[in-house]
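**Student:** the following block contains a protein sequence and its predicted model.
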Amino acid sequence: MGEFVKAADTNEIAPGQARLVVVKGKEIALFNVDGTYFALANACTHEEGPLAEGEVEGHEVTCPWHGAKFDIRTGEVLCDPAYEAVARFNVRVTGSDIEVEI
């Protein structure tokens, strides 16, 4: 089990948006879905496209490079060309701090 580390403030990510953060040397895409925060590794498992720059629709993010889709809640693949899930990180909110478990 890792430790929770502050990654951002809640006011830095609007609902339906994503933001790239670097926590302990790891690039992480933070997502705000209707006030609930989720964290995935930023690199798509197809060709490492930047998921933080992808289109967010509900609980799905589409990789901006080749269109692979992932479930923001679980990291599971929803659409080709990716075939492997992306790493997911536990998230908690303490006050206005978004913390990611690394």
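**Tutor:** On my side now, so go ahead.

**Student:** residues in contact with the helix or strand harbouring Leu40?
**Tutor:** In the assignment (DSSP states H and E), Leu40 maps to strand 36-41. The contact list for strand 36-41 (Cβ atoms under 8 Å, 6 or more residues apart in numbering) reads 7, 10, 13, 26-31, 51, 61, 70, 72-73, 75, 86-91, 93, 98, 100. C-betas here are computed from N, CA, C, even on glycine.

**Student:** if you set the cut-off to 7 Å instead, what comes out?
**Tutor:** Around strand 36-41, the neighbours that count as contacts under Cβ atoms under 7 Å, 6 or more residues apart in numbering are 28-31, 51, 70, 72-73, 75, 86-89, 91, 93, 98, 100.

**Student:** mind checking which of the residues you listed are in strands?
**Tutor:** Using DSSP state E to define strands, the subset of the contacts of strand 36-41 located there is 28-31, 70, 88-89, 91, 93, 98, 100.

**Student:** farthest pair within these?
**Tutor:** Phe70 and Val93 (21.9 Å; Cβ to Cβ).

**Student:** neighbour count winner among these two?
**Tutor:** Phe70 (27 against 13; other Cβ atoms under 10 Å).

**Student:** what's near enough to touch that one?
**Tutor:** Per Cβ under 7 Å, 6+ apart, neighbours of Phe70: 40, 51, 60-61, 76-78, 86.
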